[in-house]
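Participant: quick one: sequence plus predicted model below, questions after.
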Amino acid sequence: IVYSVKGGSVTAMTVFFPLDTARIRLQVDDNRECRCTPLLLAEIIREEGLLALYRGWFPVISSLCCSNFVYFYTFHTLKATWGKGNTRASPGRDLVMGCIAGAVNVLITTPMWVVNTRLKLQGAKFRNKKIHQTCYKGMLDAFQQIAKQEGVKTLWNGILPSLFLVMNPAVQFMLYEGLKRKAMKGGRKISSLEIFLMGALAKGIATTITYPLQIVQAVLRFGQSNTGSQRTFLGSFHTVLYLVSQRIKRHGLLGLYKGLEAKLLQTVLTAALMFLVYERIVGATFKIMGLS
């Protein structure tokens with residue numbers, strides 16, 4: 001199951017990676033005009049070249065594999081343990097297991113995502129002149145420079161909003177598992193299109209609910225702006241409130257959803273494709289093994 005998820009995640013993330021590039025530009029560079037995603041992608045290509053859309057792809061894919069392994073291994077271990085004695089499945093139980101798995105994942109993999117955020121934005125042409133450019137040769141060099149120049153604790157910047165954001169995959173899986181159970185009532189087989197739509201709907205709802213925290217998370221992970229609060233270790237509750245209030249002050253309430261279009265396109269399509277590949281790989285594997 002874990003390898004099926006990894007295969008689905010890598011495929012989906014690679015296909016829709018340019019959308020994630022657009023999303024993080026809008027989240028971190030708050031002086032960049034919020035325009036439709038296709039125009040923003042065209043602007044990046046014109047200013048930085050076509051390959052800029054895939055800048056940081058390998059570190060992200062490597063981290064995604066580790067992150068998904070930790071999350072799904074924890075989730076399915078909890079599911080197998082909690083399911084002993086034929087305990088009836090429920091959305092509430094799925095939500096709790098998703099939250100626990102997400103928290104474990106955040107604590108272990110946050111340093112990788114801090115580094116990834118910086119590598120993805122390295123070389124970007126920022127509109128906000130207060131943002132400092134970084135100069136890393138790769139993931140290992142980034143780890144070393146951050147630990148040496150900013151302290152080891154910086155590798156866990158943004159962990160507080162990240163812990164709150166465990167609700168995102170938790171809500172996503174609760175909705176997805178609930179929809180799947182309803183669709184499979186009476187032993188009915190579900191089609192690829194239904195899997196795709198269920199995955200898209202579940203992720204779309206979860207992303208919209210948690211998006212403002214994702215902006216705070218991205219800013220804290222990047223940590224290269226001249227606002228002292230952004231360098232607070234872990235990103236305290238006060239820091240989160242400060243960044244949210246500053247965003248609202250500069251851009252209004254809609255500023256908390258800047259880049260949501262690109263994020264929804266990327267995450268919804270990625271999640272839907274991931275679930276599609278995941279279900280098909282698991283189905284084929286079980287068939288080969290002679291399991292139901």
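Facilitator: Thanks, I have it. Residues are numbered from 1 along each chain as shown.

Participant: tell me the contacts of residue 22?
Facilitator: 37, 40, 41, 44, 259, 262, 266 (C-beta atoms under 8 Å, 6 or more residues apart in numbering). Just so you know, the C-beta spots here come from the backbone N, C-alpha and C atoms, and that holds for glycine as well.

Participant: redo that, cut-off 7 Å
Facilitator: Counting by C-beta atoms under 7 Å, 6 or more residues apart in numbering, residue 22 makes contact with 37, 40, 41, 262.

Participant: which ones are touching the second one?
Facilitator: It stands for residue 40. residue 22.

Participant: next SSE downstream of the host helix or strand of it?
Facilitator: Remark: residue 40 resides in helix 37-48, with elements defined by DSSP states H and E. Where DSSP H and E defines the elements, the next helix or strand beyond helix 37-48 is helix 57-82.

Participant: thinking again about what came up before, only alpha carbons, please: show the helix holding residue 40 as CSV.
Facilitator: Extracted C-alpha coordinates of helix 37-48, given in CSV (Å, rounded to 0.1, in the frame of the first residue of the first chain):
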residue,chain,number,x,y,z
THR,A,37,-2.7,30.9,-13.0
PRO,A,38,-2.0,30.6,-16.8
LEU,A,39,-0.8,34.2,-17.0
LEU,A,40,1.4,33.8,-13.9
LEU,A,41,3.0,30.7,-15.4
ALA,A,42,3.6,32.5,-18.7
GLU,A,43,5.2,35.4,-16.7
ILE,A,44,7.6,33.0,-14.9
ILE,A,45,8.6,31.4,-18.2
ARG,A,46,9.2,34.8,-19.8
GLU,A,47,11.3,36.1,-16.9
GLU,A,48,13.2,33.0,-15.8
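
Participant: just the buried residues of it, please?
Facilitator: Neighbour counts using 16 or more other C-beta atoms under 10 Å place 37, 40, 41, 43, 44 of helix 37-48 among the buried residues.

Participant: a markdown table please, covering those residues and showing pLDDT.
Facilitator: Shown next, in a markdown table, are the buried residues of helix 37-48 (pLDDT from 0 to 100):
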| residue | pLDDT |
| --- | --- |
| 37 | 87 |
| 40 | 90 |
| 41 | 92 |
| 43 | 92 |
| 44 | 93 |
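
Participant: which of these lies closest to residue 165?
Facilitator: The shortest approach to residue 165 among the buried residues of helix 37-48 belongs to residue 37, at 22.0 Å (C-beta to C-beta).

Participant: surely the closest one is in contact with residue 262?
Facilitator: Yes. Applying C-beta atoms under 7 Å, one finds residue 37 in contact with residue 262, separated by 4.6 Å.

Participant: one step back: make JSON lines from the contacts of residue 22 and add distance to residue 57 to it.
Facilitator: Shown next, in JSON lines, are the contacts of residue 22 (distance: C-beta to C-beta, whole Å):
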{"residue": "37", "distance to residue 57": "18"}
{"residue": "40", "distance to residue 57": "18"}
{"residue": "41", "distance to residue 57": "15"}
{"residue": "262", "distance to residue 57": "16"}
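
Participant: quick check: the two most widely separated of the residues you listed?
Facilitator: Largest pairwise distance in the contacts of residue 22, by C-beta to C-beta, is 8.6 Å, between 41 and 262.

Participant: which stretches in this protein count as helices?
Facilitator: Remark: helices assigned in the chain by DSSP state H are 2-15, 17-28, 37-48, 57-82, 91-121, 139-150, 159-164, 167-183, 192-222, 237-251, 260-289.

Participant: quick check: angle from the third one to helix 17-28?
Facilitator: For helix 37-48 and helix 17-28, the angle between their directions (axes from the mean of the first three to the mean of the last three C-alpha atoms, to 10 degrees) works out to 90 degrees.

Participant: gap between helix 37-48 and the chain center?
Facilitator: 22 Å (C-alpha atoms, centre = their mean, to the nearest Å).

Participant: got the angle between it and helix 260-289?
Facilitator: Using the same axes, to 10 degrees: helix 37-48 against helix 260-289 is 100 degrees.

Participant: do the same with the second one
Facilitator: With the same axes, to 10 degrees as the criterion, the two stretches helix 17-28 and helix 260-289 enclose an angle of 140 degrees.

Participant: and the angle from helix 17-28 to helix 91-121?
Facilitator: Going by the same axes, to 10 degrees, helix 17-28 makes 80 degrees with helix 91-121.

Participant: what's the end-to-end length of stretch 127-144?
Facilitator: Separation of the first and last residues of stretch 127-144 by C-alpha to C-alpha, to the nearest Å is 28 Å.

Participant: quick check: mean pLDDT of that stretch?
Facilitator: Across stretch 127-144, the average pLDDT comes to 90.
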